[in-house]
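Peer 1: Sequence first, then the predicted structure:
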Amino acid sequence: MTRFNSCLALFGLLLATAAPMTALPAQTGRSAAAASGPAWTRPDPKMNRFIADLMAKMTLEEKIGQLTLLTSDWVSTGPTLRKGYRDDVAAGRVGAIFNAHSVKYTRELQRLAVEGTRLKIPLLFGYDVIHGYRTIFPISLGESASWDMAAIELAARISAIEASAEGLHWTFAPMVDIARDPRWGRVSEGAGEDVYLGSRIAEARVKGFQGKGIGETDSLIATAKHFAAYGAAQAGRDYNTTDMSDRELRDTYLPPFKAALDAGAATFMTAFNDLNGVPASGNKYLLTDILRDEWGFKGFVVTDFTSINEMVAHGYAKDEAQAGEQAINAGVDMDMQGAVFMKYLAKSVTEGRVPMARIDAAVRSILQMKYRLGLFDDPYRFSDETREKTRVMTPAFMAAARDVARKSMVLLKNDGALPLVASAQKIAVIGPLADSKPDMIGSWAGQGDRNGAVTVLEGIRARARGAAVSYAKGASYRFADAGKTDGFAEALAVARDADVVIAVMGENYDYTGEAASRTSLDLPGNQQALLEELKKIGKPVVLVLLSGRPNSIALGRTDSKTSTTGLPIFLRSSNSAC
């Protein structure tokens with residue numbers, strides 16, 4: 001069971017009795033990139049001959065199959081593949097599957113591909129391994145607050161070790177979008193607003209995921225996403241348009257992608273947005289002119305989920321067939337979940353709207369990645385039960401997660417009340433996030449166990465030996481509860497009986513991430529109102545914010561003299577995965 005003990009690091013800041021910091025375990029591998037570029041980009045005559053021979057045998061439909069990525073599902077009984085998709089895999093119409101993980105399941109799907117098809121081409125398995133796989137680290141925005149590149153790289157390295165131990169080859173990370181509008185929900189998934197910091201973190205995460213190199217069984221292929229300028233969506237509205245000069249694009253939004261490429265990122269993912277009127281998944285300027293011709297990218301480009309289909313909704317294509325033509329001709333190599341290539345691309349080729357040379361270039365880039373992974377030699381080399389049992393949730397990994405969490409926390413204000421002296425105080429812990437296990441590991445939490453995390457309340461009780469710790473939820477973070485005062489009386493009574501109040505507030509874990517934009521940065525629900533009442537009591541209040549975006553906190557808003565003074569103590573953790 002997941003015991004995500006990094007929350008205990010928080011209590012080391014709150015209590016003088018906290019344990020000393022656990023040292024980071026030694027790095028398990030660095031990128032093999034040298035002056036000539038990462039190993040996967042270097043010429044390999046043997047690979048080229050193998051792939052040329054294989055492609056000479058492939059039909060157009062089999063080639064298009066390599067350009068198709070479909071999803072697996074996860075139900076209460078475990079992983080499952082839709083019957084139609086299973087038939088597609090067995091017929092060689094699919095080149096990759098995402099959301100398929102665990103050794104038993106990936107081995108089963110790989111067997112379908114290599115034993116049931118004519119050419120026995122193995123599948124790629126991808127997954128959103130964002131800030132941990134089973135051992136969960138701080139959310140990406142929280143990690144960026146550490147400014148510790150070694151710790152961030154180690155978090156990605158451990159994530160790759162765990163995910164690859166369960167059959168995965170590929171992660172749809174890191175997200176390197178610069179984001180300057182915190183209303184955008186996906187601000188939680190990136191490194192924030194600074195171009196330099198974002199670029200250095202992009203490098204660190206790519207090196208961590210890819211380790212000593214593609215083909216090592218403890219590494220994942222990294223994906224730089226979302227290319228490009230997705231973080232500049234107008235008004236912070238997910239999937240919205242972006243409109244900017246080329247100078248702004250190149251000065252602000254492209255540098256982290258170039259840094260990821262230079263660090264060896266082997267795949268890029270297109271963005272959902274359009275850029276100056278052209279959807280990113282059909283944008284030749286981005287995908288060919290800049291990425292391939294100017295930067296020399298040698299990997300392959302995958303779309304985001306059904307983003308080719310959505311080009312019709314953008315008004316850029318009249319139908320899905322035309323959208324597929326626009327995407328492949330612009331430089332997309334693999335269609336994620338839309339099945340547009342599967343349905344329409346063969347006709348587009350035979351009727352001359354898509355050159356066969358473009359299909360071959362896309363297929364070649366994908367087959368090369370499978371070859372680099374060693375899948376043609378052993379399709380099951382990542383599906384190893386011993387690694388699955390021994391390389392996940394190790395004590396060293398847990399210690400590293402705790403250490404990275406500790407480094408990601410940001411103390412915004414301290415008037416001297418911290419650290420608390422546990423043996424001499426009565427502590428009131430109040431707030432909707434104080435004892436909420438599901439919220440402790442944040443959004444995009446891989447295969448983390450939401451019921452196994454240590455909550456703030458549990459951690460304080462474990463650390464505050466000799467202190468009397470009381471608890472009241474007090475408020476709600478649900479938008480529908482704004483204006484309600486249910487629970488206030490209990491919380492205020494608990495606070496009055498204490499020497500110090502620890503208020504744990506912020507956002508529900510699914511209030512940030514994809515499709516989680518907000519119109520306001522205020523604390524959701526009735527939390528702000530409860531804070532106002534807690535302040536009136538006159539006891540020291542330590543505010544712990546767990547959120548996937550910056551929140552606006554200003555107590556006493558009706559009084560200009562106190563509107564910016566806030567609380568006596570203000571502790572903010574940008575790590576909603578605490």
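Peer 2: Arrived safely, thanks for sending.
Peer 1: looking at this protein, which helix or strand is least sure?
Peer 2: Least confident element among the helices and strands of the chain, by mean pLDDT, DSSP states H and E: strand 569-573 (a mean of 44).
Peer 1: Do a quick rundown of the strands in the stretch 201-350 of the chain.
Peer 2: Ranges of strands in the stretch 201-350 of the chain, per DSSP state E, counting those that start in this stretch, are 223-227, 267-270, 274-275, 278-279, 300-302, 335-336.
Peer 1: Same list (these) but as TSV, adding distance to residue 364 and mean neighbour count.
Peer 2: Backbone N, C-alpha and C define where each C-beta goes, glycine included. Shown next, in TSV, are those (distance: least, CB to CB, whole Å; neighbours: other CB atoms under 10 Å):
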stretch	distance to residue 364	mean neighbour count
strand 223-227	19	28
strand 267-270	14	26
strand 274-275	27	23
strand 278-279	25	22
strand 300-302	9	26
strand 335-336	17	27
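Peer 1: And the ones you listed: which comes nearest residue 98?
Peer 2: Evaluated with CB to CB, the strands of the stretch 201-350 of the chain place strand 335-336 nearest to residue 98, the distance being 7.3 Å.
Peer 1: what number of residues lie near residue 386?
Peer 2: 9 (other CB atoms under 10 Å).
Peer 1: again with residue 376
Peer 2: Residue 376 has 18 nearby residues by other CB under 10 Å.
Peer 1: For residue 335, give me its contacts.
Peer 2: Applying CB atoms under 8 Å, 6 or more residues apart in numbering, we find residue 335 in contact with 67, 68, 69, 302, 303, 308, 324, 327, 341, 342.
Peer 1: Distance-wise, check it relative to residue 301.
Peer 2: 10 Å (CB to CB, to the nearest Å).
Peer 1: helix, strand or coil for residue 545?
Peer 2: Going by DSSP: H, G, I helix; E, B strand; the rest coil, the secondary structure assigned to residue 545 is strand.
Peer 1: Give me the distance between it and residue 552.
Peer 2: From residue 545 to residue 552 the distance is 11 Å (CB to CB).
Peer 1: These two: which is more packed in?
Peer 2: residue 545 (25 against 10).
Peer 1: Which positions in whatever helix or strand residue 200 lives in come out as buried?
Peer 2: In this structure, residue 200 sits in helix 195-210 according to DSSP states H and E. For helix 195-210, the neighbour count (16 or more other CB atoms under 10 Å) marks 195, 197-210 as buried.
Peer 1: Stretch 241-257 now?
Peer 2: Buried, per 16+ other CB under 10 Å, within stretch 241-257: 241, 242, 249, 252, 253, 254, 255, 256, 257.
Peer 1: Tabulate the residues you listed (a markdown table), appending pLDDT and distance to residue 399.
Peer 2: Below are the buried residues of stretch 241-257 laid out as a markdown table (pLDDT from 0 to 100; distance: CB to CB, whole Å):
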| residue | pLDDT | distance to residue 399 |
| --- | --- | --- |
| 241 | 95 | 45 |
| 242 | 97 | 41 |
| 249 | 98 | 41 |
| 252 | 98 | 37 |
| 253 | 98 | 36 |
| 254 | 98 | 37 |
| 255 | 98 | 33 |
| 256 | 98 | 29 |
| 257 | 98 | 33 |
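Peer 1: now for these, which pair is the farthest apart?
Peer 2: 241 and 255 (21.8 Å).
Peer 1: hey, where'd the strands end up in the stretch 401-550 of the chain?
Peer 2: 409-414, 426-430, 468-472, 500-506, 541-546.
Peer 1: rewinding a little: among the strands of the stretch 201-350 of the chain, which comes closest to residue 527?
Peer 2: strand 223-227 (31.4 Å).
Peer 1: what packs against the closest one?
Peer 2: helix 255-262, strand 267-270 (3 or more CB pairs under 8 Å, 6 or more residues apart in numbering; DSSP states H and E).
Peer 1: Any stretches of the stretch 301-450 of the chain with poor pLDDT?
Peer 2: For the stretch 301-450 of the chain, applying pLDDT under 70 flags the ranges 422-424.
Peer 1: ok, 80 please
Peer 2: Regions of the stretch 301-450 of the chain meeting the criterion pLDDT under 80 cover residues 416-417, 421-424.
Peer 1: Which parts of it are helices?
Peer 2: 310-313, 320-330, 340-350, 356-372, 385-390, 395-408 (DSSP state H, counting those that start in this stretch).
Peer 1: Looking at the ones you listed, which one is packed in the most?
Peer 2: The highest average neighbour count among the helices of the stretch 301-450 of the chain, using mean count of other CB atoms under 10 Å, belongs to helix 320-330 at a mean of 24.
Peer 1: That one vs helix 356-372, what angle?
Peer 2: Between helix 320-330 and helix 356-372, the angle comes out at 70 degrees (axes from the mean of the first three to the mean of the last three CA atoms, to 10 degrees).
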